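Undergrad: Please work out how this folds:
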Amino acid sequence: MLDRFERFSLAISEISRYWHKLASEEMEKYGLKGPHAVYLTTLYRFPEGITAPQLCELCSKDKSDVSRMMSIMEKKGLVEKHSVNRNLYRGILKLTKEGKAAAEHVCERAKLAVQMAGDGLDDQKRQVFYDTLDLICNNLKELCQDGLPKNH
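TA: As a prediction, this is how the structure comes out:
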């Protein structure tokens, strides 16, 4: 029997690998890579637009990644940057008409994937699962910030 660390690590790794494979397949239609999916779906949630720093925070990505990904999506005609007080640096990122259509499609496909991945879970198990994931994620975040205790 695998110990808890191995079981947890392998499960998270496999889930991530499968999810990225599905995302890559969906994003290929738009000439993009799987990691673009999270940006597309996040921007879709903010039709009025958001700044790059907000996108960094929401997607848990660094500013160089956001900048690189937005540049690619701008070139594909999916995202546009609007200046604020004549300043593009802190501009607002918005989906174009084509970007909204792509985002709607990707959101629907992601919804289907999540639904099918959770097949067999009732509402109570699903709630416990997400509560547990949130708890583990927050605990790991705290451990990364503070480091593992020395005297354990």
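Undergrad: So, low pLDDT: which residues of this protein?
TA: Across the chain, the ranges flagged by pLDDT under 70 are 1-2, 85-89, 152.
Undergrad: rerun that using 90 as the cut-off
TA: Scanning the chain for pLDDT under 90 picks out 1-5, 8, 63, 82-91, 148-152.
Undergrad: how far away is the most centrally placed residue in it from L58?
TA: Central residue of the chain (CA atoms, centre = their mean): V38, 3.4 Å from the mean position. Relative to L58, V38 is positioned 9 Å away (CB to CB, to the nearest Å). The C-beta positions use only the backbone N, C-alpha and C, and glycine is treated the same way.
Undergrad: go on, K100?
TA: 18 Å.
Undergrad: what's the answer for A102, then?
TA: For A102, the distance to L58 - CB to CB - is 18 Å.
Undergrad: With neighbour numbers in mind, choose between the two.
TA: Shown here are A102 and L58; by other CB atoms under 10 Å, A102 has more neighbours (25 against 16).
Undergrad: ok now the helix or strand where that one lies, how far from the chain's centre?
TA: In this structure, A102 sits in helix 97-117 according to DSSP states H and E. When distances are taken as CA atoms, centre = their mean, to the nearest Å, helix 97-117 is centred 13 Å away from the chain's centroid.
Undergrad: Identify all contacting residues around that helix.
TA: 19, 22-23, 26-27, 29-30, 37, 40-41, 43-44, 47, 73, 77-79, 95 (CB atoms under 8 Å, 6 or more residues apart in numbering).
Undergrad: just checking, next helix/strand downstream of it?
TA: Using DSSP H and E, the first helix or strand after helix 97-117 is helix 123-146.
Undergrad: and that next one, what does it pack onto?
TA: Secondary-structure packing of helix 123-146 (3 or more CB pairs under 8 Å, 6 or more residues apart in numbering; DSSP states H and E): no helix or strand packs against it.
Undergrad: one step back: buried sites along the helix holding A102?
TA: 99-100, 102-103, 106, 109-110 (16 or more other CB atoms under 10 Å).
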